[in-house]
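Chemist: Could you work out the structure for the sequence below:
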Amino acid sequence: MAGATAPLLGLEKKSLREQALSALRTAITSGELEPGRHLVETELSDMLQISRGTLREALRQLEQEGLLSAGPRGRLSVRHLDAKEIRDIYSVRAALESLAARTLCELPDRQQVITSLRSAIDAMAAAAKGSLEERIESDLEFHRTLCRLTGNETLLHSWESLEGSIRMSIMFAGLEKGVKNMSVERHHDIVAAIETGDVSLARKTILEHMDSAAAELVA
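Modeler: Numbering: from 1, shown residues only. Here you go, the predicted model:
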């Protein structure tokens, strides 16, 4: 029995860390913890009812995701994005998703890929009448699916490392601008380009999608 205790405790600790991560991500991306706000460990650990050690693990992860930034003395605060940072984020997104589109265009049989992408667009359409959080999630899931379908785990991991910053950019811009970028029609254009198998067209469509998205967010 004693031998089973350590793994069970490990699972419990991991569960607490994941729960803390989820709660903090939601608080940041919803604006409950507003950009620029300094984080006080004692306050957060009491609110979440977790140890400061577990909290620090979660905060380190959020810093890696780009949701938090460290000040001169290492004090963490909610990251505030400026216009240049948003353009940079979308420039990197464009490069990653262009690679994904090229990879999918080069597949000998793209039918299953197209079906999966259209299903993701259907989910976006269904979420259009939902909450802002649901709309953001469905939009991100489309782009995540685009990368996942390539089978390139490094590409997918690189895209996912930007996810927190993407959410922050939507917060920076506000509801009206963020929602404009979630147009179902704009995403149909991406799928149609990939369906043709024309690498140049798919790349052009992705670049235009990201350029216009970034321009809308910083306008």
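Chemist: now residue 122: how far from residue 213?
Modeler: For residue 122, the distance to residue 213 (C-beta to C-beta, to the nearest Å) stands at 21 Å. C-beta coordinates here come from the backbone N, C-alpha and C atoms, glycine included.
Chemist: Just say helix, strand or coil for residue 98.
Modeler: Counting by DSSP: H, G, I helix; E, B strand; the rest coil, the backbone at residue 98 sits in helix.
Chemist: can you count the residues close to it?
Modeler: 19 (other C-beta atoms under 10 Å).
Chemist: before we move on, what about residue 117?
Modeler: 23.
Chemist: for it, what are its contacts?
Modeler: Applying C-beta atoms under 8 Å, 6 or more residues apart in numbering, we find residue 117 in contact with 142, 145, 146, 149, 190, 191, 194.
Chemist: Tell me the confidence at the residue positioned nearest the centre of the chain?
Modeler: By C-alpha atoms, centre = their mean, the chain has its centre lying nearest to residue 163, at 2.2 Å. The score at residue 163 is 87. That number is its pLDDT.
Chemist: The one 3 residues further on now?
Modeler: Per-residue confidence (pLDDT) for residue 166: 88.
Chemist: So which of residue 122 and residue 213 has more stuff around it?
Modeler: residue 213 (25 against 12).
Chemist: show me where the protein has helices.
Modeler: 2-29, 41-48, 52-64, 83-105, 111-127, 132-148, 153-160, 163-173, 175-180, 184-196, 199-218 (DSSP state H).
Chemist: Those: which one's closest to residue 73?
Modeler: Shortest distance between residue 73 and those, using C-beta to C-beta, is found for helix 41-48: 13.5 Å.
Chemist: for the closest one, which positions count as buried?
Modeler: Buried positions in helix 41-48, judged by neighbour count with 16 or more other C-beta atoms under 10 Å: 44, 45, 48.
Chemist: For the first one, give me its contacts.
Modeler: In other words, residue 44. 24, 55 are the contacts of residue 44 under C-beta under 8 Å, 6+ apart.
Chemist: pLDDT on stretch 87-98, on average?
Modeler: Mean predicted lDDT for stretch 87-98 stands at 97.
Chemist: just stretch 101-110 next, same as before
Modeler: Here the average pLDDT along stretch 101-110 is 97.
Chemist: Just checking the distance from it to the centre of its chain.
Modeler: Taking the mean of its C-alpha atoms, stretch 101-110 sits 24 Å from the chain's own mean (C-alpha atoms, centre = their mean, to the nearest Å).
Chemist: re earlier: how about the contacts of residue 117 in a markdown table, adding neighbour count?
Modeler: Putting the contacts of residue 117 into a markdown table (neighbours: other C-beta atoms under 10 Å) gives the following:
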| residue | neighbour count |
| --- | --- |
| 142 | 21 |
| 145 | 18 |
| 146 | 27 |
| 149 | 21 |
| 190 | 21 |
| 191 | 22 |
| 194 | 27 |
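Chemist: and which of the residues you listed is nearest to residue 31?
Modeler: residue 142 (23.3 Å).
Chemist: Give me the distance between the closest one and residue 114.
Modeler: 13 Å.
Chemist: which residues are common contacts for those two?
Modeler: Counting by C-beta under 8 Å, 6+ apart, nothing touches both residue 142 and residue 114.
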